[in-house]
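# test case, fold it:
(2 chains)
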Amino acid sequence: MSDPSADDVRRVAAVLARYPQGDAGSLVNALHDVQGELRWLPEDALRMVARHLGLSRAQVYGVASFYHGFHLEPRGEHTCTVCMGTACHVRGAPRLLETLEREADVAAGGTTLDLALTVEEVNCVGACAIGPLVILDDEYHGHMTADHLSRLVGPLLEREEPE
Amino acid sequence: MSALLADPGALARRREALLEARGPGRRVAAVCVGTGCRANGAVAVYEALRAEVEERGADREVEARPRANEIEAHVTGCQGFCEGGPLILLSPEGVVYHDVRVEDVSEIVERTLLGGKVVERLLCVDPATDVHCRGEEEVPFYRHQRRLLLRDNGRLDPASIDDYIALGGYSALVRALEMGPEAVLEEVKRSGLRGRGGAGFPTGRKWEACRHAEGDLKYVVCNADEGDPGAFMDDALLEGDPHLVLEGMIIGALAIGAHEGHVYVRQEYPVAVDRITRAIEQAREVGLLGEAILGSELSFDVEVSRGGGAFVCGEASAMMASLEGRRGVPRRRLIHLSERGLWGRPTNLNNVETWANVPQIVSKGADWYASIGTEGSTGTKIFSLVGKVENTGLVEVPMGTTLREIVFEIGGGIPGGKAFKAVQTGGPSGGCLPAEKLDTPVDFDTLTAEGSMMGSGGMIVMDEDTCMVDVARYFLRFLASESCGNCTSCREGLARLHGLLGDIVEGRGTRATIALIEELADTVQATSLCALGTSAVNPVLSTLHHFRGEYLAHVDERRCPAGVCKALVTYTIDLELCNGCHLCALRCPQEAISGERKQTHVIDQELCIKCGICRDVCRYDAVLVR
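Numbers count the residues shown, from 1 in each chain, chains lettered A, B, ... in the order given. Now for the predicted structure:
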């Protein structure tokens, strides 16, 4: 783990200042907010959270690693998430995820080596009616096909597009 | 800044002032920006509409009676008919426009908002009669529904407490304060309302247990951790009508004697988090939350907590752990949560839709409510009708409506002339019902008797192209990854079951595999602690029961009848249908397709990875999967 930048420390401290010291019940919300700042949860940030809320590092790590919503590794510049809800599944979501994993050459949950793209799957985002759905950087793309997806993420991966 | 509502009279005056200011001649275009419509470009439509309305509306101001001709545009939460999005509902005519594009906006403002005329081409067409449908009462998707909870989703701006108040909002709370806690509790009990989160426990009895539990400090919690994949009813209510849910919670707090509330929302629903947070702030500002609500003795406030993306947190004791900032692991509930829940204090937990039912029960009465639905399951239920169905979206029907009515009359049947195969209800704990069960009335007890369950209201339609073995494996993958790991049988058992189903879909299964699956499923069911484990095997058992032939085709013939299981299918090109456009060859990531332009093409089976891109791009349906 590299040393956290002074700026990161300041940002985490500012987030934590919103929570009363020793308020263990705020842990999940505090982790969300810290992650909202840094986009992931570095070890040093977890340590700061633990100290502020009066918890052991094991408790904080235990919670952070339990929930799928928390990221313990750095994130790519872009995130592409394939919804794996039931409605999306029956409309072909598994093929989309395979396509994305193949194009990015990384398994779901991972990030490309150049930190360009993080590939994610999500259980359901409630956009079932327009599935299968892919979310690229907070933008929802419904009625997705494998072909369309490969063209959507192609430019982010700086690969040559077959034409 | 809004003025404090010191007593019920102040609320009534506020409503009158709003209605007066809004005038009867006002025309409103309400643009749905629910998740589905947003993905279809609704935000751009709204922005164009608002700009146009501001410009044209300003022109009107110079006329003599500006207010009588006032026009307005605002956003709404999910209006339900996601398939037709972006949607616009026009008041007061009640006309619905679908598939609206930015290019349509000028005409909508000119002809409809200012001119009072309908733009025919934006109306939905009834496929049975070819008639253009004007209002919700004519559109087939809406016509067969009974929208009590979702009615105002298309009528109010969810960010505006004034919109809610103008439509009669918080008048149920006034009525509840007049009735007093005991009478409210009695009314809810008599209404027959049962929990909409899935278990169907009588809400009134739950409230009563918490009311009578010992302790001064009690909590009410709203379960908005809608974890079932394929379900978005609660998301739509929180996004579209957050004050309705909040009003239900305040009435519940009154009946139970609670002073603190929590809304536990999935982090995957950022818009819902935002809307309910704002609604709470607005309610606090005008004194509908806080000390001495509407001048009464009731004091109550609510906080929002975000989930962390763990399905198991929908289980009540796991949710309490998560609210306390811990890992969401269920515990044995020897003592009910109504006695010892959050922070060890009496806690009443209800689902979003359950809370949303409360205001109408109080304002219209238990008898009215109980007259809707069936004897054992009263009221309406919202379903998310999705998957292989023509009209996807949110559907609200009286309990007891048959699956056939929902899938075929409201849903418009299966697209592309395909055959219906199954409908999956109850989320990952539910089951799949085949065509023979289409006349099953949908209520808590009947669905359970048929081997599925109501669950929270997900309804996923499957057609002939859906492989039921693959669906069962899908749910097991989901549940195995969502198991909290506490019970060995669930943690290891589900992983093994997933592996065994993997053997079948990959062509390694035998009849012995099926027998082993059945045996292991029994064990997991019998020895897991919480409902995640005990019901996890339902999708496997119900598909084995109703679709055993499909399992046997996989193990006996190494064949996937639906053409889904990759290991058992091959991609080929139909020589008759292929016209040599060469598109598939260009797009194939493996360069596995060869052929000259205007000549038929061939797929090299050695190179093919069955990614399906060729089938996606072929405009002549020439790519066959068998």
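# in chain B, spot the strand with the most residues.
What stands out as the longest strand in chain B, according to DSSP state E, is strand B:380-387.
# can you give the distance of the helix or strand just after that strand from its chain's centre?
The helix or strand immediately downstream of strand B:380-387 is strand B:393-398, counting by DSSP states H and E. On the basis of Cα atoms, centre = their mean, to the nearest Å, strand B:393-398 sits 9 Å off its chain's mean C-alpha point.
# run the angle between the longest strand of chain B and strand B:393-398 for me.
Angle, strand B:380-387 to strand B:393-398, by axes from the mean of the first three to the mean of the last three Cα atoms, to 10 degrees: 150 degrees.
# tell me where the stretch 201-350 of chain B has strands.
Taking DSSP state E, counting those that start in this stretch as the criterion, the stretch 201-350 of chain B carries its strands at B:219-224, B:260-265, B:301-306, B:347-351.
# what's the second one in contact with?
Counting contacts by Cβ atoms under 8 Å, 6 or more residues apart in numbering or on different chains, the residues outside strand B:260-265 that touch it are B:217-225, B:238, B:245, B:249, B:253, B:272-273, B:276, B:280, B:300-307, B:313, B:319, B:322-323, B:342. Glycine gets a C-beta too; all of them are placed from N, C-alpha and C.
# find the closest residue to chain B in chain A.
For chain A and chain B, the shortest gap (Cβ to the nearest Cβ) falls at residue A:67, measuring 2.7 Å.
# so what's that residue up against?
A:28, B:307, B:308, B:309, B:310, B:328.
# repeat for residue B:456
Applying Cβ under 8 Å, 6+ apart to residue B:456 gives the contacts B:196, B:197, B:198, B:226, B:228, B:231, B:233, B:234, B:351, B:353, B:427.
# pretty sure residue B:559 contacts residue B:568?
Yes. Contact criterion Cβ atoms under 8 Å: residue B:559 and residue B:568 qualify, at 6.0 Å.
# before we move on, the earlier item: just how off-centre is the longest strand of chain B within its chain?
So, by Cα atoms, centre = their mean, the centroid of strand B:380-387 is 6 Å from its chain's centroid.
# may I have that strand as CSV, with CA atoms only?
The C-alpha trace of strand B:380-387 is given here as CSV (Å, rounded to 0.1, in the frame of the first residue of the first chain):
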residue,chain,number,x,y,z
THR,B,380,-53.9,-4.6,-4.5
LYS,B,381,-50.3,-5.8,-5.2
ILE,B,382,-47.7,-4.2,-7.4
PHE,B,383,-45.8,-6.6,-9.7
SER,B,384,-42.8,-5.8,-11.9
LEU,B,385,-43.7,-7.6,-15.1
VAL,B,386,-40.5,-8.2,-16.9
GLY,B,387,-38.6,-10.7,-19.1
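# and the helices in the stretch 1-150 of chain B?
With helices called from DSSP state H, counting those that start in this stretch, the stretch 1-150 of chain B shows them at B:8-22, B:35-39, B:42-61, B:105-107, B:140-143.
# for chain A, that is, sorry about that
Counting by DSSP state H, chain A has these helices, from start to end: A:6-16, A:27-38, A:43-53, A:57-66, A:86-90, A:93-104, A:146-153.
# which of these is buried the deepest?
Ranked by mean neighbour count, the helices of chain A are led by helix A:86-90 with a mean of 30 (mean count of other Cβ atoms under 10 Å in any protein chain shown).
# is it possible to get a markdown table of the strands of the stretch 201-350 of chain B that adds mean pLDDT, distance to residue B:189 and mean neighbour count?
Formatted as a markdown table, the strands of the stretch 201-350 of chain B follow (pLDDT from 0 to 100; distance: least, Cβ to Cβ, whole Å; neighbours: other Cβ atoms under 10 Å in any protein chain shown):
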| stretch | mean pLDDT | distance to residue B:189 | mean neighbour count |
| --- | --- | --- | --- |
| strand B:219-224 | 96 | 17 | 28 |
| strand B:260-265 | 96 | 21 | 24 |
| strand B:301-306 | 95 | 24 | 20 |
| strand B:347-351 | 96 | 14 | 27 |
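# for residue B:442, find the nearest of those.
strand B:347-351 (17.2 Å; Cβ to Cβ).
# before we move on, back to that, list the helices and strands the longest strand of chain B packs on?
If you count contacts as 3 or more Cβ pairs under 8 Å, 6 or more residues apart in numbering or on different chains; DSSP states H and E, strand B:380-387 packs onto helix A:86-90, helix B:233-240, strand B:393-398, strand B:458-463.
# and for residue 77, the neighbour number?
If you meant another chain, say so; for now it's chain A. Neighbour count for residue A:77, taken as other Cβ atoms under 10 Å in any protein chain shown: 14.
# wait, chain B was what I had in mind.
Counted with other Cβ under 10 Å, residues neighbouring residue B:77 total 30.
# what sits against it?
Residue B:77 is in contact with B:32, B:33, B:34, B:153, B:158, B:236, B:237, B:239, B:240, B:241, B:275, counting by Cβ under 8 Å, 6+ apart.
# how about the nearest residue to the third one, chain neighbours excluded?
Just to be clear, that refers to residue B:34. residue B:78 (3.0 Å; Cβ to Cβ, 6 or more residues apart in numbering or on different chains).
# so the one you found touches residue B:240, yeah?
Yes. Counting by Cβ under 8 Å, residue B:78 touches residue B:240, with 5.3 Å between them.
# intersection of neighbour lists for the two?
Both residue B:78 and residue B:240 are in contact with B:34, B:150, B:153, where contact means Cβ under 8 Å, 6+ apart.
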